[in-house]
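[1] After the sequence you'll find the predicted model.
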Amino acid sequence: MTDLQEREKTEILRVANISKTYDLGGRMPWSRGPGSTLTALDGVDLDLRSGEILALVGESGSGKSTLAKILVGSLAPTTGSLDWDAPTDSQRGRHAARRVQMVFQDPYSSLNPRLSVRAMLSELLLLHRIVPRSGVTAECLRLLNQVGLDADALDAYPSQFSGGQRQRLAIARALAVRPDVLIADEPVSALDVSVQATILDLFATLQKELGLSILFIAHNLAVVQHLSQRVAVMYLGRIVEVADTAELFSNPRHPYTRALIDSIPRMNPGSRNSKPIIDGEPPSPFDVPAGCRFSPRCAFASEECTVVDPHLTAVATDHSAACIKSVALPSIAPTGDQKENQ
């Protein structure tokens, strides 16, 4: 095994059995179930390897952002553990705060409109003692160059930039403290389609040049297909499948993953499915279904699926899925054909 392969196999972060619940005290008028406890995360197991881009995908409301906040230390889990030095409460030390940085979905709301780019970056560089005061300007220029911005941006304010440029500034700010891990929470979903590709290319370049470990959160599998080395699929507070990117797209072992892949728009004539890929909406987090939580929407669900609550199980080398039919799934007809035959 080469040094690069060995580095990619080294875990820089592992979360085990992470759960996050909110007791809202009394039934909420919008909840569909009888409970007053919202389950945002339920027994999440995940690892991030050194120098890799791990994509975390799933529908809105699946718990992706909640997990990101726990990883960055702004939210404490209800149960579970994180195996790294960054604590999970608000009293994070300076060194721990440097290790993991976050890039948010809306770059404008994450930047202080009253601070120039120079002031924003200088504040971080001096607070964390990255460079001496005499080297601050040079380091600011280096960071701007690293994210593809010119030197004349140094004395400008966030309102003077486009959406894509603001996201580059947010990335520069995250890189200023030289983190080990970058958590990107849907960083391109608020941008124009024409700009998204350039930001994705920037993340890929930073990973290669800096050896960063990146957790890239998205709701669209097509966005991360050519960016990530591995993909973790999340549904209603749980990880339901994890695999190398190529393996997951060619051989999905969970019906939810398969449906997400089938729903990716394609330009080939006749490639559009004639039936809906997934029926209905996700169940309420106030009332998680018994058994497999995806069974109410699954085209392959049987009576057993409403009783057995599957957990992540290895189905191939470096490929795990939480489905009792994961072994047989490759031989089952495509989703649209399955529904037509029912």
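    Ah, there it is. Numbers count the residues shown, from 1 in each chain.
[2] buried sites along stretch 150-159?
    Residues of stretch 150-159 classed as buried: 153, 154, 156, 157, 158 (neighbour count, 16 or more other Cβ atoms under 10 Å). Heads up, the C-betas are built off the backbone N, CA and C, glycines and all.
[3] same thing with stretch 114-128?
    When burial is assessed from 16+ other Cβ under 10 Å, stretch 114-128 yields the following buried residues: 116, 117, 118, 120, 121, 122, 124, 125.
[4] Ok, stretch 280-290 next?
    For stretch 280-290, by 16+ other Cβ under 10 Å, it's 282, 283, 284, 285, 286, 288, 289.
[5] same question, stretch 56-72
    For stretch 56-72, the neighbour count (16+ other Cβ under 10 Å) marks 56-58, 61-72 as buried.
[6] Stretch 140-151 too?
    140, 141, 143, 144, 146, 147, 148, 149.
[7] Show the average pLDDT along that stretch.
    Mean pLDDT, computed over stretch 140-151, is 96.
[8] Over to stretch 316-334?
    Rounded mean pLDDT across stretch 316-334 is 83.
[9] just stretch 278-286 next, same as before
    pLDDT averaged over stretch 278-286 gives 80.
[10] Now do the strands in this structure.
    In the chain, the strands defined using DSSP state E lie at 11-23, 37-49, 53-57, 79-82, 100-103, 181-185, 213-218, 230-235, 238-244, 313-316, 319-321.
[11] Now do the first one: everything it contacts.
    With Cβ atoms under 8 Å, 6 or more residues apart in numbering as the contact definition, strand 11-23 has outside contacts at 36-50, 63, 66-67, 70-71, 75, 77-84, 180-181, 213.
[12] now do 6 Å
    Identification of contacts with strand 11-23 by Cβ atoms under 6 Å, 6 or more residues apart in numbering yields 37-50, 66, 77-84, 213.
[13] In ChimeraX, how would I select the buried members of those?
    Of the contacts of strand 11-23, the buried ones can be selected in ChimeraX as follows, counting by 16+ other Cβ under 10 Å:
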select :38,39,40,41,42,43,44,45,46,47,48,49,50,66,77,80,82,84,213
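[14] circling back: residue 169 is nearest to which of the strands of the chain?
    Closest of these to residue 169 is strand 100-103, at 10.3 Å (criterion: Cβ to Cβ).
[15] Sheet partners, orientation included, of the closest one?
    strand 181-185 (parallel) (DSSP bridges).
[16] list the contacts for residue 216?
    Contacts of residue 216 (Cβ under 6 Å, 6+ apart): 53, 55, 184, 224.
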